[in-house]
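Visitor: my questions concern the predicted model and sequence given below.
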Amino acid sequence: MKKSILIIVFILTSFITTAQEHENFKHFRISPVITHTFIPTTTDEGDKTVIVPTFGLDLEYWLNEKWGFGFHNDIELETFITEKEHETFVEKEFPLVLTFDALYKFKEHWVFVLGAGGEFEKNENLFIVRAGIEYEVEFGNHWDVSPTIVYDHRSNNSSTWGIGIGIGKRF
């Protein structure tokens, strides 16, 4: 029992010391994002790339100034048709993409994103692996603007990529 109490006191002391060292560091970040998602697809008219406007909301928790994790959530604001299997076409109606991502700030402003999640849509749900990069530019009172590029690989062997911009607030 004494050993357990000693371990708990040691852990709490470590957290308090760390918190005092990084008193001004804000752990939470929220960012609405506007993106254009590029979807290469085969339709009954041939190969083409569909460009879909996408709204997103990123919710992040940073463990320290280098490492964090986040829920990156997007809704594609258009109905479009993709090829599922040769000559089978699936209509996608406003798919919702939810990913849980690890975040690593490898330079002063650069953030690498890597995670997994799903695309949820009434006709088909898919597993997604996401990779991306962001460039956070802080402009005062813990606000930032962050251009971003993401690549999503879906379980049906299709891939999309997006380019966007977000306005973030740390608290």
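Guide: Yep, it's here.
Visitor: so which helix or strand takes in the residue most central in space within the chain?
Guide: The residue lying closest to the centre of the chain (CA atoms, centre = their mean) is residue 72, at 3.3 Å. Assigned by DSSP states H and E, residue 72 belongs to strand 67-76.
Visitor: who are the packing partners of that strand?
Guide: Packing contacts for strand 67-76, counted by 3 or more CB pairs under 8 Å, 6 or more residues apart in numbering; DSSP states H and E, involve strand 28-43, strand 46-62, strand 96-105, strand 110-120. C-beta coordinates here come from the backbone N, C-alpha and C atoms, glycine included.
Visitor: where does this protein dip in pLDDT?
Guide: Scanning the chain for pLDDT under 70 picks out 1-23, 42-44, 83-88.
Visitor: mind doing that once more with 90?
Guide: Applying pLDDT under 90 to the chain flags the ranges 1-25, 39-50, 78-93, 123-124, 140, 155-158.
Visitor: you'd agree residue 129 is up against residue 152?
Guide: Yes. Using CB atoms under 8 Å, residue 129 is in contact with residue 152, at 7.3 Å.
Visitor: which one of the two has more residues nearby?
Guide: Between residue 129 and residue 152, counted using other CB atoms under 10 Å, residue 152 has the larger neighbour count: 22 against 15.
Visitor: what pairs with the more buried one across the strands?
Guide: For residue 152, the beta-bridge partners under DSSP bridges are residue 130, residue 160.
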